[in-house]
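Enquirer: Have a look at this fold, sequence not included:
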C-alpha cells in the first residue's frame, strides 16, 4: 500500500530508497517480527547518516544527494518515530517531516483502548507480559519471542477497522484491484509479503512512544482522520501533538495539518482519502522546497530528499505497521526508472540487520 504513495512521489520527480527495519521483512535480526521503538529509531538515524554521507551512497546513486535536503515521512507507528526525530532536526540534518495518523503518545493510546476495548486487551495481556519477561533473558531473547496476530481477533489490533486494513494489504485483494499494474508502471514492486504476526512485547514497548511537539525544529505536516474516524489511533493524539507544535519556539517551524476522510487506512491506496492525501502532501513539499520539476527541460533539481515509511503488511502472518522506508530526491522525471536491489552485506557493519532494499530514481 505505501508503495503507491512512494510511486506517486517518484512520478512527481523524486528518487526513492527503501529499507526494512531489523527483525522484519527482508532484513536480518532475531527474533523475527520484533517491533521495538528504540531499535527502529536507531535504524532511522543509521539510514540518515548513510543518506547524508556522499561517500556512502555515491555507488548507488547517479549523483550526490544534498545533505541539507532531507525529509522524513512516516505513518502510524513510524509516524510517531518521524515526529520524534523532528525534535532533532538540527542535529540530524532533517529539512521537514510528513507524519500521517501518527502514534505520538503510546500511553494515551493505551488508555483509549483500555476504555473502549478492555476485553480485547485482556485476551492478549498474558502474551504481552510473557514476551516482555522473556526479553530479560539474553540467551532466549536473541532467538525467541511470543507472537500474536497483529490484526484481527486475538491480535494486537482487533476490531473491524484493523481487519479491513489487513485485507487492504492482502496480495490477492491488491491484484484484483489492478494494483500490480500500477506499481509496475512506476518501477515499484509489491514489497515483502505481509506477515500477520508481531512479538507480543510490543504492548509494553509502545508505552515509550511519546513526542513533544514544543521541541519540533523543522516544518511539519500532520494528518489524521476527521470526525474521529480512526479507532486505532484516536484523532485527539495527533491533534494534541499539532497543538504543541504550534507552541514550538524554533524559527524554522511551520505547522500544516490535514484532516483526511476515512479511517486509519484512509490515506492508502483503496482508501477514501488517498487522492486528497497525496495532493496535500505534494502541496506541503512544494511549500517547503518549491516545485520538484525544474523550469528548464533536462535540468536537474536539487530540492529535498524524503525518507519514507513503507508498510510491509504482508508475510506469512504480519509485521505491524511500518517497516519499510523510502528516501525521495527531486530531479527531472524523464519517464525512465532504475530499480536497484541489494543486500545489507553491501554496506558497512553499521548496516548489519538493517536491510536496505531498493533505490528508485525517476
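Expert: It's in. If you're wondering where the values come from, they're calculated on a predicted model, not measured in any experiment. Residues are numbered from 1 along each chain as shown.

Enquirer: now the helices for this protein?
Expert: Counting by DSSP state H, the chain has helices at residues 2-11, 37-51, 54-57, 77-85, 89-92, 106-116, 118-134, 138-141, 159-168, 171-176, 179-186, 202-205, 236-245, 274-289.

Enquirer: name the helices or strands packed onto the first one?
Expert: In this structure, helix 2-11 makes packing contacts with strand 16-20, helix 179-186, helix 274-289, strand 305-310, strand 324-328, judged by 3 or more C-beta pairs under 8 Å, 6 or more residues apart in numbering; DSSP states H and E. For the C-beta atoms, the positions are set from N, CA and C on the backbone; glycine is no exception.

Enquirer: buried ones in that helix?
Expert: 2, 3, 4, 5, 6, 7, 8, 9, 10, 11 (16 or more other C-beta atoms under 10 Å).

Enquirer: and what of the second one?
Expert: Buried residues in helix 37-51, defined by neighbour count with 16+ other C-beta under 10 Å: 37, 39, 40, 41, 43, 44, 46, 47, 48, 50, 51.

Enquirer: So which other helices or strands are in contact with it?
Expert: Counting contacts by 3+ C-beta pairs under 8 Å, 6+ apart, helix 37-51 is packed against strand 16-20, helix 54-57, strand 70-75, helix 77-85, strand 305-310, strand 324-328.

Enquirer: and the ones you listed, which one is worst for confidence?
Expert: Among these, strand 324-328 carries the lowest mean pLDDT, a mean of 37.

Enquirer: Let me know whether residue 231 touches residue 158 as I believe.
Expert: No. Using C-beta atoms under 8 Å, residue 231 makes no contact with residue 158, being 10.0 Å away.

Enquirer: More neighbours: the two, which one.
Expert: Legend: neighbour count by other C-beta atoms under 10 Å for residue 231 and residue 158, higher for residue 158 (22 against 19).

Enquirer: measure that one to residue 117 for me?
Expert: Using C-beta to C-beta, to the nearest Å, residue 158 is found at 7 Å from residue 117.

Enquirer: ditto for residue 14
Expert: 39 Å.

Enquirer: of these two, who's got more company?
Expert: Applying other C-beta under 10 Å to residue 14 and residue 117 shows that residue 14 carries more neighbours, namely 29 against 15.

Enquirer: and the more buried one, what are its bridge partners?
Expert: For residue 14, the beta-bridge partners are residue 330 (DSSP bridges).

Enquirer: Next, find the distance separating it from residue 196.
Expert: Taking C-beta to C-beta, one finds residue 14 at 31 Å from residue 196.

Enquirer: Spit out the contact partners of residue 120.
Expert: Contact analysis of residue 120 by C-beta atoms under 8 Å, 6 or more residues apart in numbering lists 113, 158, 159.

Enquirer: neighbours around residue 152, how many?
Expert: Neighbours of residue 152 (other C-beta under 10 Å): 18.

Enquirer: check contacts around it.
Expert: 158, 162, 163, 166, 196.

Enquirer: TSV for these, including pLDDT?
Expert: TSV is the format used below for the contacts of residue 152 (pLDDT from 0 to 100):
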residue	pLDDT
158	80
162	82
163	81
166	79
196	86
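
Enquirer: wait, what's in contact with residue 36?
Expert: Neighbouring residues of residue 36 by C-beta under 8 Å, 6+ apart: 23, 202, 205.

Enquirer: wait, I meant residue 277
Expert: Residues in contact with residue 277 (C-beta under 8 Å, 6+ apart) are 100, 223, 258, 260, 266, 267.

Enquirer: try 6 Å
Expert: 260, 267 (C-beta atoms under 6 Å, 6 or more residues apart in numbering).
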